[in-house]
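Visitor: Got a sequence here, can you model it:
(chains A and B)
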Amino acid sequence: DQQVKQNSPSLSVQEGRISILNCDYTNSMFDYFLWYKKYPAEGPTFLISISSIKDKNEDGRFTVFLNKSAKHLSLHIVPSQPGDSAVYFCAASATGGFKTIFGAGTRLFVKA
Amino acid sequence: KAGVTQTPRYLIKTRGQQVTLSCSPISGHRSVSWYQQTPGQGLQFLFEYFSETQRNKGNFPGRFSGRQFSNSRSEMNVSTLELGDSALYLCASSTTQAGVGELFFGEGSRLTVL
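Guide: Numbering: from 1, shown residues only, chains lettered A, B, ... in the order given. Coordinates of the predicted model:
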């Protein structure tokens, strides 16, 4: 039962362009959404989050958009840099659920 | 502030053996979660502990167990190891009581079962 889905296993983008990573969820109880970045041989690190009461959150080059009616969120990286090459995980949680559910991840390649 | 520390980092076991992994959370964090990462499956939730109580458990067989101590350190145990248990096991800590919020991950313990 994949409650959080990232349907694109990989994405390749040219340096300086926009990277858009997508994520869909099925559980309407989720009220907090997060993106994590993972480099090889390291644990995931938190990137950006959004509460279900918002539809957009921005932090520097990273913006997360939430469309609750479509149960869809996306992460925009502008401009993309080679150092952004990593695996990006979408995650979701519900207040009182005491667990964060992760998607399968999308591997981003930013070409110089 | 020290990060989340997991030990051992790498280990090799054979089928049928058991293994114990340890996790020391960030100081002051009372919630510890465990995840299994395998290729193509993302991070699969194992269990979450808060103040020594298991608050939630993922869809894993009873061979997977865990506990949390009064100092918030946590251990997970896998008994009767199977080849399919080969994975990266990640521990994460957080401050949250509500069950939502940012997780801080350790570097993981990579288990290979032969």
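Visitor: in the sheet, who's paired with the closest residue to residue B:32 other than its chain neighbours?
Guide: In this structure, residue B:32 finds its nearest non-sequential neighbour in residue B:74, 4.2 Å apart by Cβ to Cβ, 6 or more residues apart in numbering or on different chains. For every residue, glycine as well, the C-beta is placed using N, CA and C. Applying DSSP bridges to residue B:74 gives these bridge partners: residue B:23, residue B:68.
Visitor: quick one: residue B:74 and residue B:25, what's the gap?
Guide: 7 Å (Cβ to Cβ, to the nearest Å).
Visitor: who's in contact with residue B:107?
Guide: Contact analysis of residue B:107 by Cβ atoms under 8 Å, 6 or more residues apart in numbering or on different chains lists A:41, A:42, A:43, B:6, B:9.
Visitor: one step back: shared neighbours of residue B:74 and residue B:25, anything?
Guide: With Cβ under 8 Å, 6+ apart as the test, residue B:74 and residue B:25 both reach B:32, B:91.
Visitor: Enumerate the residues of chain A near chain B.
Guide: Residues of chain A lying close to chain B by Cβ under 8 Å from any Cβ of the partner chain are A:1, A:6, A:9, A:31-32, A:34, A:36, A:41-46, A:49, A:89, A:91, A:93-105.
Visitor: In strands, which of those residues fall?
Guide: A:32, A:34, A:36, A:45, A:46, A:49, A:89, A:91, A:93, A:100, A:101, A:102 (DSSP state E).
Visitor: neighbours around the residue in chain A that chain B sits nearest to, how many?
Guide: Per Cβ to the nearest Cβ, residue A:43 is where chain A lies closest to chain B, at 3.2 Å. Burial of residue A:43 is recorded as 22 neighbouring residues (other Cβ atoms under 10 Å in any protein chain shown).
Visitor: Could I get the contacting residues of it?
Guide: B:4, B:90, B:92, B:105, B:106, B:107, B:108.
Visitor: Chain B: strands as residue ranges?
Guide: B:5-7, B:10-13, B:19-24, B:31-38, B:42-50, B:53-57, B:64-68, B:74-78, B:87-94, B:104-105, B:109-113.
Visitor: ok now the shortest one, how far from the chain's centre?
Guide: When distances are taken as Cα atoms, centre = their mean, to the nearest Å, strand B:104-105 is centred 11 Å away from the chain's centroid.
Visitor: which neighbours does it have in its sheet, and in what orientation?
Guide: strand B:87-94 (antiparallel).
Visitor: Sort out which residues of the partner strand are buried, please.
Guide: Neighbour-count burial for strand B:87-94 flags B:87, B:88, B:89, B:90, B:91, B:92, B:93, B:94 (criterion: 16 or more other Cβ atoms under 10 Å in any protein chain shown).
Visitor: Stretch A:47-65 now?
Guide: Result for stretch A:47-65 [16+ other Cβ under 10 Å]: buried residues A:47, A:48, A:49, A:50, A:52, A:62, A:63, A:64, A:65.
Visitor: what do you get for stretch A:84-104?
Guide: Buried residues in stretch A:84-104 (16+ other Cβ under 10 Å): A:84-94, A:97-104.
Visitor: Straight-line length of it, end to end?
Guide: Taking Cα to Cα, to the nearest Å as the measure, stretch A:84-104 stretches 18 Å from start to finish.
Visitor: same check, this time on stretch B:46-61
Guide: End-to-end for stretch B:46-61, by Cα to Cα: 10 Å.
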